[in-house]
Structures are given as structure tokens and as C-alpha cells.
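> Predicted coordinates and the sequence they were generated for:
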Amino acid sequence: MEIHVRGYEAGDPRIKAPAGFGIDRAVDLPVEMDVLVVGTGPAAVVVVAQLSRFPSINARVIERRPGRLEVGQADGIQARSVETFQAFGFATEIVDEAYRNVEMCFWKPDPLDPTRIVRASRAPDDATGMSEFPHIYVNQSRVLDYFLRDAQRAPGQIVPDYGIEFVDCAIDPNSDYPVTARIRYVAGPRAGEERVVRAKYLVGGDGARSKVRASLGHRLHGEASMHAWGVMDILVNTDFPDIQVKCSIQSHDKGNILLIPREGGYLVRVYVDLGEVPESDDGKVRATPIEDIIATANRIIHPYTLDVRAVTWWSVYEVAHRITDGFDDVPAEQAGLRTPHAFIMGDACHTHSAKAGQGMNVSMQDGFNLAWKLAAVIEGRAPRSLLSTYAAERKVVAQDLINFDKKWSQMMAAPMDPKDDRGQLEHFYLSTLEFPAGFMTLYTPSMITLGTEHQALAVGFLVGKRFKSAEVIRRSDNRWHHLGHFHEADGRWRVYVFADEALPALSGTPCSDFAQWWSSDPNSPQVSYTPIGGDQNAVFDIKVIYQQDYTQIELANVPKAFKPVKVPFGLIDINQVFAAGHGRDIFRDRQISPAGAIVVVRPDQYVAAVLPLDAREALAAFFDGHMLTPPPQPDASRASSQRADVMSIAERTAL
């Protein structure tokens, strides 16, 4: 966390001073705005938290509920999501309050007495080190709280407008404010009142019954499995030995259970197999009483018993796998001919079972994917065509999710043969673990993701996949840090320069030549797209990582490209220089060539390119393909003059 760079800051550094639309934020919903977000579900709150970091953007979020969500239905948080929490600054806090999953136990019928279940095996949650972050369980409402707190603490200070529902909309792509939305107050003194507001962009995160999706003319397509499950959060006394461990419990002929401990040490979520549902059921299974669900759970878990002392939440649902036919407002026949102005995310786009812990996790990545693109376009840093990549990228992810969950749901519901010791469910769980953990997303080549021609230079940073962090020593303080943990949700591109074998003091080396080009050549992205008068790393967060032990690196010898200057005092940032040391080696662990490499990472933490150090034209062409020359900054002259004044003070002091 950077603080004191603009001068001494008193108080909590996580709470930023209001700026732009965050200053004296209007209480009432304005008639016109840049972005209207509908809903405060997982995808929507990521968008809100991201946009609030750009106070020049007038964004508002409406929610039909009269206040915050108190009891959420989702609770499984995969490691990829915790990596995202780190970008928003609250990973440590939420991990501390959550249940941390370390293994999964598989129970099946006793071969000697199939009426009884026995523990058949255990599987570690992450045996291969997919992420430095854990798989956790915590209530969905707490996740929303953290994101909304982040939004309120950011300069834009966005807070939800509760008690307002979205009714419908019309879109005119040729208008300055293309989206005309009808909204209705459903709580408070204005309940029943309808209004019309206009926005440049509409974002629908309003769930499986999305009115935004309906207004765009899209539908969910797919099928139900005709299999029902009861789910309950319970406080329980039991002799079942693994009540505080994640378990798959397969009985011989009584059904199956997925048991998930919750945060706090007492609460447990239990998914109970209620069996096949006839086509003529017409939803009657949803009326199954909680007493029947508890009784079924006790039959499955025999010879153990569940003495349920309290039920804090429960529901019955039929597994359905559906995906929408469109993720934005552009009709299929006009794709590529015009850019979108409305988007849908999360459950508005894809529905599936809850047992793989994917709904909230995939939804948050929908929001992260879209939000930085919206900010870049609205602020004039990127062309509107960038927004078309949202639907192109996330629809593939959603379809992969549906395909995975169909298989997982079928296996969870299948009867268990006590003589079958192959452990098919366990094998599937272990062989596909990377997918539910959130690490199988692979974005294909596009305007913001290059191909893999140079992948051999950095095998461990796969182009199109999320940046897998590793530890390095920061030379300024000689401390170990995870490189990826500096990647904040600030909309900046990351350019990681893994230097060649030469020391930084040497000139005429690939790394030093690249640094000279980056900081001074007119064709360099830094020179082309960084606003005049601001921080030199305002758009590109560039870091250098040397192969040598940190004791061989002297900051004075490091090129100035890796020591950006900050306004208003002209401070030189020496915190962007890293190295190996004491046996931990990112070059070895991520299979980076001794010849060095450039690894470009998108604002949403996905690797966009791997290039050699001399690929300057290719790097420039990549950014030229999706960035715009920044508009004049209103305070650029003032910032430049402040920096000049400070330098003149330093010069006078030296004299």
C-alpha cells in the first residue's frame, strides 16, 4: 500500500479522500449517469468496487432489497477469488474470519455392511501448490460487505441505492446516453413511484430472474436434471467424526450428502440428496419440509446421527444447467458492427448446481473482467471496441462451467456400489481440481491477449491464464514479497521485465536497452499513453526482476525506467526493483529463460503476453491495438508546475 507519496496522510490509509463524483455525492439517483449497475450480487459488487476507484466516472448501483443482504446462499470461496480479494485489499481479513479448507474426506458404504458408511480416503485441498491462497468458506453476505466497504472507502464513494428495482429499458446506440431505464421505488416513502433515468452503460447483476436480461431479449437455455437436493445450514450435535471437514458421503441406496463446514466452528452446510423428481412433479418437491430433509440426512449418514439443534437457513432446489444466448445488447447478426452498451453477469447469464462452489466465484470474475474495461473506455483510455471482449471471453467460461457442473452433479447423485473401490468421485474431484479452484480459465488471442509464440521464455506464466504469483526480494527493503500481491485493482497494466543475465550496471544489454526505449522513445507505450504531469507509472505498473542474488543489485545502477517519478514532489519510486535470493528463485520456479522475458498482465490479473526483451515493436503494436492517447488532464499544468517548484526548492537547498 502506497501512502505519504503526496504528503503525510493521517488516519486509516485504506480510506481515501473523496474526489470527483465522490465529493458531496448526490443522495438521489441522478437523471443521467455513466454507468447504472442493477443488483448487489457478487458480480455487481466487484464492478461497483472497481468503478469507485475512478471518481471521474458517475456510477450508481440500485438494489431491490431495502438494505444489505443478511443471509446469502453461496459460501464456497475458491483460491482464485481470494487472489481477487487481494487486489481489492481485504484477502487477509476475510481469510481470518472464514473456515479454511485443507482436505476433503470421501465416505462410502462399508463393503462388509452396506447399510453403514465408512471413511474411504482423504484428499488434500491443494497438493500441487496452485495458489498461495487457501480455499475458504464464508457467507456470501460477508463477501458483499467487503466489496461494498471497499467501494465506499474509494475516492468515488459509491454506495447502493436500496429499495429501487429495475423495470425495463430501451437502448439507442446513437444517443449520448444510449440506455433509457425505467426504475421503480419499492421501499421507503417513495414506494410505488416510477422514474426514467439515462446511462451510457447498463450492467445487470440481478440474478437468475434478471429483468435486465429480459429487457435485452435474452433467455436462459438448458435443462433441469430432474434431481432434487435439500440444503440446510444447521447447528448440530453429532457423533459423525468429520463434521468439521469437507466431506462427500455416498450411501448404498439412501442417497448422498455433500457436507461443508462453515466459519465459526459450529455452523455446517449440508446438501442432502432427495432423489429423482418425476416430470409431473411441477415443483412440488420444493415444498419438502425441513424435518424430511433432516430425516433423509440421518438415513444417509448411518450409523452416525445428526441431532439438529437449530436451522439457520434451508431450501430445496432442482439442479438446472442453463446459459443465456447473449451477454450484452448486441444482436448476434450485428456482432463486430457495433459496440455494446448493456451487459449481464453472474446468475443472469449462467445457472447450475451449488455443490461445486462455482456460482459466486465465476460471477466475481465476470465482474472483474468487465469493470476495468468499462473504466478504460469511459475515461477515454481505450476504444469502445474493448467492451466487445467481455461477451467473447466470458461466454466460453460460462459454457465450460456448465459442462463441468453437469458431470460433477451426475456423479454426486449417482448411487454407490460398495464393491466398487475405484473411487470414481474422488478421482474426478482430484483430476479436475484446477477447474473449480478457478485456474482453468484460458483467454484466447484477441486485442488484449497475444498468442503463445514466445511462451518458452516464461513457461510458468501461461498466456491467457491468470498470473501465478511467486516470491521475490524487493531490493528497497530486502524483504520477501509475493510479486502478484502488488497487483491492485487500479486499472493499470502490469509489465514485468525479467532481466537477462547481465547486472544492471552494464549498458548495451537487452534489459538496459529495453529500459532506455521504454522511458524515452516516442513509440514506447509509456511515452505514448501516460498522461503528462502525472505519475510516470499511472498507466503501466512496470517492475524489473533480476536473476542475481539481491546482494548484487544496487539501486543506483538500475535504469530510471524502473524507478518511476511521482507527483507532486518528484519522489523517485525505488520499490519496483526485485531479485532472487537465499534459494528461492522465480526464474527457476516459473521456468523463465536466462535470456529474460517481458510478461504483460492485464488489469484483471490475466497474462496478456510473453515477449523477448527486444520485442519493442511487438509490444508497442499490442498496446496501440487497444489504447488511446490520453485526453488532456485539467490539472496537468498545475502538477508539472508543482513538480518544478519542488525541484527548484531542492536545487536551492543544495546550493
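The structure has been received and is ready for your questions.
> which parts of the strand or helix carrying Val396 are buried?
Using DSSP states H and E, Val396 sits in helix 388-413. Buried positions in helix 388-413, judged by neighbour count with 16 or more other Cβ atoms under 10 Å: 388-391, 393-395, 397-398, 401-402, 404-406, 408-409, 411-413. Every residue, glycine included, has its C-beta placed from N, CA and C.
> For the stretch 401-550 of the chain, give me the ranges with low pLDDT.
By pLDDT under 70, the weakly predicted segments of the stretch 401-550 of the chain are 414-423.
> again, 80 this time
Low-confidence segments of the stretch 401-550 of the chain (pLDDT under 80): 408-433, 436-437.
> got the residue ranges for the strands in it?
Counting by DSSP state E, counting those that start in this stretch, the stretch 401-550 of the chain has strands at residues 471-474, 479-482, 493-498, 540-549.
> which outside residues touch the third one?
In other words, strand 493-498. 458, 467, 483, 487, 511, 514-515, 539-545, 547, 562, 586-587, 592, 596-603, 608, 613, 623 (Cβ atoms under 8 Å, 6 or more residues apart in numbering).
> what about it, distance to the chain center?
Per Cα atoms, centre = their mean, to the nearest Å, the displacement of strand 493-498 from the mean C-alpha position of its chain is 20 Å.
> residues in contact with the nearest residue to Ala44 once chain neighbours are set aside?
Spatially, and ignoring its direct neighbours in sequence, Ala44 is nearest to Gly205 (3.0 Å; Cβ to Cβ, 6 or more residues apart in numbering). Residues in contact with Gly205, defined by Cβ under 8 Å, 6+ apart, are 37-45, 47, 344-346, 348, 363, 367.
> Ramachandran angles for Gly205?
The phi and psi values for Gly205, taken as degrees, to the nearest 10, are phi -120, psi 40.
> Report the contact partners of His582.
Neighbours of His582 in contact, by Cβ under 8 Å, 6+ apart: Ile473, Asp549.
> okay but Ile171 is in contact with Phe343, surely?
No: in this structure Ile171 lies outside contact range of Phe343 using Cβ atoms under 8 Å: 11.6 Å.
> For the two, list the residues in contact with both.
The contact lists of Ile171 and Phe343 share Leu202, Asp329, where a contact means Cβ under 8 Å, 6+ apart.
> Looking at the two, which one has more neighbours?
Each of Ile171 and Phe343 has its neighbours counted (other Cβ atoms under 10 Å); Phe343 has more, 32 against 18.
> which residues does the more buried one contact?
Listed by Cβ under 8 Å, 6+ apart, the contact set of Phe343 reads Tyr201, Leu202, Val203, Gly204, Phe327, Asp328, Asp329, Leu370, Leu387, Tyr390, Ala391.
> What strand or helix carries it?
Going by DSSP H and E, Phe343 is in strand 342-344.
> partner strands of the helix or strand just after that strand, parallel or antiparallel?
Per DSSP H and E, the first helix or strand lying C-terminal to strand 342-344 is strand 350-351. Partners of strand 350-351 in the sheet, by DSSP bridges, are strand 306-324 (antiparallel).
> Quick check: buried residues in the partner strand?
In strand 306-324, counting by 16+ other Cβ under 10 Å, buried: Leu306, Val308, Trp314, Val316, Tyr317, Glu318, Val319, Ala320, His321, Arg322, Ile323, Thr324.
> low-scoring pLDDT stretches of the stretch 151-300 of the chain, where are they?
Scanning the stretch 151-300 of the chain for pLDDT under 80 picks out 223-226, 279-283.
> Surely Met56 and Phe21 touch.
Just so we're on the same page, residue 56 is Ser rather than Met. Yes: in this structure Ser56 lies within contact range of Phe21 using Cβ under 8 Å: 7.4 Å.
> re earlier: rebuild the strands of the stretch 401-550 of the chain as CSV, extending it with distance to Val197 and mean neighbour count.
CSV is the format used below for the strands of the stretch 401-550 of the chain (distance: least, Cβ to Cβ, whole Å; neighbours: other Cβ atoms under 10 Å):
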stretch, distance to Val197, mean neighbour count
strand 471-474, 47, 22
strand 479-482, 42, 13
strand 493-498, 33, 24
strand 540-549, 35, 21
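> These: which one's closest to Leu69?
strand 479-482 (31.2 Å; Cβ to Cβ).
> And that closest one, how far out from the chain middle?
23 Å.
> other SSEs contacting that strand?
Helices and strands touching strand 479-482, by 3 or more Cβ pairs under 8 Å, 6 or more residues apart in numbering; DSSP states H and E, are strand 471-474.
> Residues contacting the strand it packs on, please?
479-483, 545, 550, 575, 577-582, 584, 586.
> Pick out whichever of these sits closest to Ile243.
His482 (33.8 Å).
> ok, for the closest one, nearest residue in space, not its chain neighbours?
His482's closest residue in space is Ser469 (Cβ to Cβ, 6+ apart), at 4.6 Å.
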